[in-house]
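Asks: Need a 3D model of the following:
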Amino acid sequence: MTLEEFLEETRAEVADQMNEGSPFAELVFSEVVMEHLAEAGMTFEPSSCHFEGRVGRANLRLSGYSMSEDADQLDLFVSLYEGFNTLTPIPDQAAKTAAAQCVRFLELCATGRLAEKLDPSRDVYSLALTIREIYDDLEQVRIYVLTDGVVKSKSFKARDVGGKSVRLEVMDIERLFRHRSEGKPRDELVVNFEELSGSALPCVFVPGETGDYDYALTAIPGEALQFVYEKFGPRLLEANVRSFLSVRAKGVNAGIQNTLRTAPERFMAYNNGIVIVADEMRLDRTSDGSPGIIWLRGMQIVNGGQTTASIYFTKKRYHTTDLSKVRVPAKVIVMREVDQTDEEALVADISRYANSQNAVRQSDLSANKPFHVEVERLSLTVYCPDGTGRWFYERAAGSYNTLLAREGTTPAKRRALKASVPPSRKITKTDLAKYLMAWDIKPDIVSLGAQKCFGRFMTELSEAEATGSTMTLDPAFFKALVAKAIMYKATHKTVRPLVSAFLANVAAYTVSVVADSYGESFNLERVWSQQGVSPQFLKQVEIWAHEVNDRLHETANGRMISEWAKRPECKTAMFSRSFSPPSVDIPEIRRNTA
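Replies: I've put the predicted structure just below:
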């Protein structure tokens, strides 16, 4: 896929999620990019929150935000979407202006001045209050400018806001293409130890005998690891276990912090070290002639995220911490797999065994679990009612693009392939969990975000397997899954123009209302056969979506809607009283012919 084709595909993806004539293209683009950044580990679970206004002489803009679980890291997003048909340069100044407007939004939130000027009924009001409450304790603040244009500079000089350094990054169509076309955003993670530490890292190098990987043992200076985390943040941690990086220093981490502050020279003796996978490693000689690692490309920490984060945050909190005496033992595994699906399976296995004595759930490392392998097999054999089209189950990240590259060897073949398996018919592992959990009336779990929802889904699946009550994975299951995907997507698209923020939460709860109200009478087979839902059904969705949105705001009592929606108490409050009666005049309802 070329960059030009990717731009066209992105425009199509935005258009696919919009109603005809909708003015929300910029918001849809923001959501598409924010979700990708979350999947890539570059941010946390995002929420859309559009705000554009003027306070005094300052213009303020915001498209969305994301916050770490412990509310110690905050990302804000501002969008510059033009709907370009061709690759179009955007001046650095335009991106800087957008970033400055978002910086100003942050400044006024941090001081409490924005909340004073907002109507409490506005969705952005609770965000402004939350930023004011957590700002003093924030360890990291970043602002992303999202654009479908091409910007020369991918980052700008950090800004000081209330004594905190705010990083400014640009995610333009070019940078997004590098991430999504390869399926491995870690390609941007290049670490040159010769530059960081003055020389190559001494190592013991063991070339691989199986062809899968090469292997090295080394010790990384604490200052180098601190710099790498400061530059790349959560992107360093392998996707399936990256949630570790937002955990505050408790238990083991408190011990790490204490050693760093009181006995840094003993850190290497006390710490078990970290495990790294990388796509490429360059070796040379150190000053004494021994083998040494000059740089790693595609570096990912699959075990030791707590250690890495603790080093960074300890130095940030306690400036007198002497990291020059710290060395961190490291095992480096350099991948040699050519097939991306096989590589992801190997990385997952490495992650699983490296973390086998830690609190990482085995369900989090599950691309090669039999359940997902079987769903993938079904997606390759079950055809749509037209007999030519299929839905694609992306068991391994990037496998859809791998399919296009492998089988779309000519422009004609690629067009034909995308016609039969378009991007809009792709279902990822986290999508599957979202669709099934929402239909199972668990919108609070869906609201936890993609990764946590997926983790909970896999835990429930493992528990079901342990009791022998597993799902029957057959064509009927796959068709029902696709029907739920179609219904969820249609609901999401219908809800979009009805709410100004918290679209994901309203959509998830509305789908659960549909499932709760219609139950077994809802004809999923018809949705599959039609590959769509009726206008009458969408009218009912509109009614319930309004009621869900109102009830979320009523029951939140001033709390952030996106946070309130995650709690079981929210689901209880939501379903504690009836919604408007379900219409029986929709084609998707089975008629009782008895």
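
Asks: so which strand or helix has the closest residue to Arg559 other than its chain neighbours?
Replies: Among residues not flanking Arg559 along the chain, Ser126 sits closest, at 6.8 Å (CB to CB, 6 or more residues apart in numbering). To be clear about C-beta, it is placed using only N, CA and C from the backbone, and glycine gets the same treatment. Element membership for Ser126, per DSSP states H and E: helix 123-134.

Asks: Same question for Lys571.
Replies: In this structure, Lys571 is located in helix 568-574 according to DSSP H and E.

Asks: Bridging across strands, which residues link to the closest residue to Lys164 other than its chain neighbours?
Replies: Nearest residue to Lys164 in three dimensions, chain neighbours excluded: Val141, at 5.6 Å (CB to CB, 6+ apart). Val141 has these beta-bridge partners by DSSP bridges: Leu74, Val166.

Asks: Go ahead and confirm Val141 touches Leu74.
Replies: Yes: using CB atoms under 8 Å, Val141 makes contact with Leu74 at a distance of 5.1 Å.

Asks: Looking at these two, which is more packed in?
Replies: Leu74 (25 against 22; other CB atoms under 10 Å).

Asks: picking up where we left off before, distance of the residue nearest to Lys164 from Thr410?
Replies: According to CB to CB, to the nearest Å, Val141 stands 47 Å off from Thr410.

Asks: Arg142 versus Glu230, what's the distance?
Replies: In terms of CB to CB, Glu230 sits 11 Å off from Arg142.

Asks: right, I mislabeled it, should have said Lys315
Replies: According to CB to CB, Lys315 and Arg142 sit 18 Å apart.

Asks: and what of Pro89?
Replies: According to CB to CB, Pro89 stands 24 Å off from Arg142.

Asks: Between the two, point out the one with more neighbours.
Replies: For Pro89 and Arg142, the more surrounded residue by other CB under 10 Å is Arg142, and the numbers stand at 20 against 11.

Asks: Tell me who's in contact with that one.
Replies: Thr43, Leu74, Asp75, Leu76, Val166, Arg167, Leu168, Glu169, Gly233 (CB atoms under 8 Å, 6 or more residues apart in numbering).

Asks: picking up where we left off before, so what's the residue count around the residue nearest to Arg559?
Replies: When neighbours are counted by other CB under 10 Å, Ser126 comes out with 24.

Asks: if I pick it, what's in contact with it?
Replies: Ala556, Gly558, Arg559, Met560, Ile561.

Asks: Tabulate those residues (JSON lines), appending neighbour count.
Replies: Compiled in JSON lines, the contacts of Ser126 are given as follows (neighbours: other CB atoms under 10 Å):
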{"residue": "Ala556", "neighbour count": "19"}
{"residue": "Gly558", "neighbour count": "10"}
{"residue": "Arg559", "neighbour count": "15"}
{"residue": "Met560", "neighbour count": "18"}
{"residue": "Ile561", "neighbour count": "23"}
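
Asks: Just the ones of the residues you listed in helices?
Replies: Secondary structure from DSSP state H places Ala556, Ile561 of these in helices.

Asks: Can you tell me which one of the contacts of Ser126 sits lowest on pLDDT?
Replies: Among the contacts of Ser126, Gly558 has the lowest pLDDT, at 78.

Asks: Run a quick check on Asp75 versus Leu62, I expect a contact.
Replies: No: the criterion here is CB under 8 Å, and Asp75 misses it with Leu62 at 11.3 Å.

Asks: Now do the buried residues in the helix holding Lys571.
Replies: Of the residues in helix 568-574, those buried by neighbour count under the rule 16 or more other CB atoms under 10 Å are Cys570, Lys571, Ala573, Met574.

Asks: Other residues contacting it?
Replies: So helix 568-574 is contacted by Lys442, Pro443, Asp444, Ser447, Tyr509, Ser512, Val548, Arg551, Leu552, Thr555, Ala556, Trp564 (CB under 8 Å, 6+ apart).

Asks: List the ones among those that fall in helices.
Replies: Among these, the members falling in helices (DSSP H) are Pro443, Asp444, Tyr509, Ser512, Val548, Arg551, Leu552, Thr555, Ala556, Trp564.

Asks: so the second one sits right up against Trp564, yeah?
Replies: No: counting by CB under 8 Å, no contact exists between Asp444 and Trp564, whose distance comes to 9.6 Å.

Asks: Following element in sequence after the helix or strand of the chain with the lowest mean pLDDT, please.
Replies: For the chain, counting by mean pLDDT, DSSP states H and E, helix 340-354 ranks last in confidence among helices and strands (a mean of 65). Of the helices and strands lying after helix 340-354 in sequence (DSSP H and E), the nearest is helix 370-381.

Asks: which residues touch that next one?
Replies: Taking CB under 8 Å, 6+ apart as the rule, helix 370-381 contacts 366, 390-393, 395, 427, 429, 432, 461, 471, 473-475, 477-478, 481.

Asks: Tell me which of the residues you listed fall in helices.
Replies: Filtering the contacts of helix 370-381 for helices - DSSP H - leaves Lys429, Leu432, Leu461, Pro475, Phe477, Phe478, Leu481.

Asks: Now the buried members of the residues you listed.
Replies: Listed as buried from those are Lys429, Leu432, Leu461, Phe478, Leu481; burial here means 16+ other CB under 10 Å.

Asks: What sits closest to the fourth one if chain neighbours are left out?
Replies: Right, Phe478. What sits nearest to Phe478 in space, not counting adjacent residues and going by CB to CB, 6+ apart, is Leu378, at 4.1 Å.

Asks: where in the stretch 451-594 of the chain is pLDDT low?
Replies: When residues are selected by pLDDT under 70, those of the stretch 451-594 of the chain lie in 592-594.

Asks: Roughly how far does Ile445 sit from Phe454?
Replies: As judged by CB to CB, Ile445 and Phe454 stand 10 Å apart.

Asks: quick revisit: distance to Asp136 added to the ones in helices among the contacts of helix 370-381, as a markdown table?
Replies: A markdown table is the format used below for the ones in helices among the contacts of helix 370-381 (distance: CB to CB, whole Å):
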| residue | distance to Asp136 |
| --- | --- |
| Lys429 | 38 |
| Leu432 | 40 |
| Leu461 | 41 |
| Pro475 | 56 |
| Phe477 | 50 |
| Phe478 | 50 |
| Leu481 | 46 |
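
Asks: Out of those, flag the one nearest to Ser578.
Replies: Nearest to Ser578 among the ones in helices among the contacts of helix 370-381 is Leu481, at 28.8 Å by CB to CB.

Asks: Enumerate every residue touching the nearest residue to Glu280 once chain neighbours are set aside.
Replies: Nearest in space to Glu280, with sequence neighbours left out and distances taken as CB to CB, 6+ apart, is Arg297 at 4.2 Å. Contact analysis of Arg297 by CB under 8 Å, 6+ apart lists Asp187, Leu189, Val190, Val191, Ala278, Asp279, Glu280, Met281.
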